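Trainee: coords please:
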Amino acid sequence: MSKFKEKVFEIVRRVPEGKVVSYGQVALMAGIPRAAIQVGWVLHISDESDKLPWWRVINNAGRISTTCLEHTAQNQKEKLEKEGVKVTKNLKIDIEKYRFRPNPKFLQNLSLEDEYIFKLMEKYGI
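Mentor: Next comes the predicted model:
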């Protein structure tokens, strides 16, 4: 398994119930900014999806954007609502209300360089 894939899994596993992250946020926490599409792909092709809370990852516009036939947008909506996340009929979420904002220690435990920790703190109000 690639280091990137391992890091994506580690991050997604640690998103608390009732919180969401964006694909880009996961990419930045993995130390590879601009890899949002790759994060989506890693989650899509994973044979460990039953062990990952994949439904907690949404796009940065606050919208469920999956088109997967196995893990449908409706399935993601139901899982998020079960955790207390309000999702509208058109699959929108108030991402700023529900966004997971890890503390700096969490980010340091991901072995991130200070540059990425600063970017995350600045961009997501951590």
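Trainee: would you agree residue 66 is in contact with residue 77?
Mentor: No - checked against CB atoms under 8 Å, the pair residue 66 and residue 77 is beyond contact range at 9.9 Å. C-betas here are computed from N, CA, C, even on glycine.
Trainee: these two: which is more packed in?
Mentor: residue 66 (22 against 19; other CB atoms under 10 Å).
Trainee: give me the neighbour count for residue 61.
Mentor: Should you count by other CB under 10 Å, residue 61 turns out to have 10 residues around it.
Trainee: helix or strand next in line after the strand or helix carrying residue 41, which one?
Mentor: In the assignment (DSSP states H and E), residue 41 maps to helix 36-45. Later in the chain than helix 36-45, the nearest helix or strand by DSSP H and E is strand 57-58.
Trainee: name the residues of the helix or strand following that following strand that are buried.
Mentor: The helix or strand immediately downstream of strand 57-58 is helix 73-82, counting by DSSP H and E. Using 16 or more other CB atoms under 10 Å as the test for burial, helix 73-82 gives 73, 76-77, 79-80.
Trainee: what residues sit buried inside stretch 114-126?
Mentor: For stretch 114-126, the neighbour count (16+ other CB under 10 Å) marks 116-117, 119-120, 124, 126 as buried.
Trainee: what mean pLDDT does the helix holding residue 41 have?
Mentor: Across helix 36-45, the average pLDDT comes to 90.
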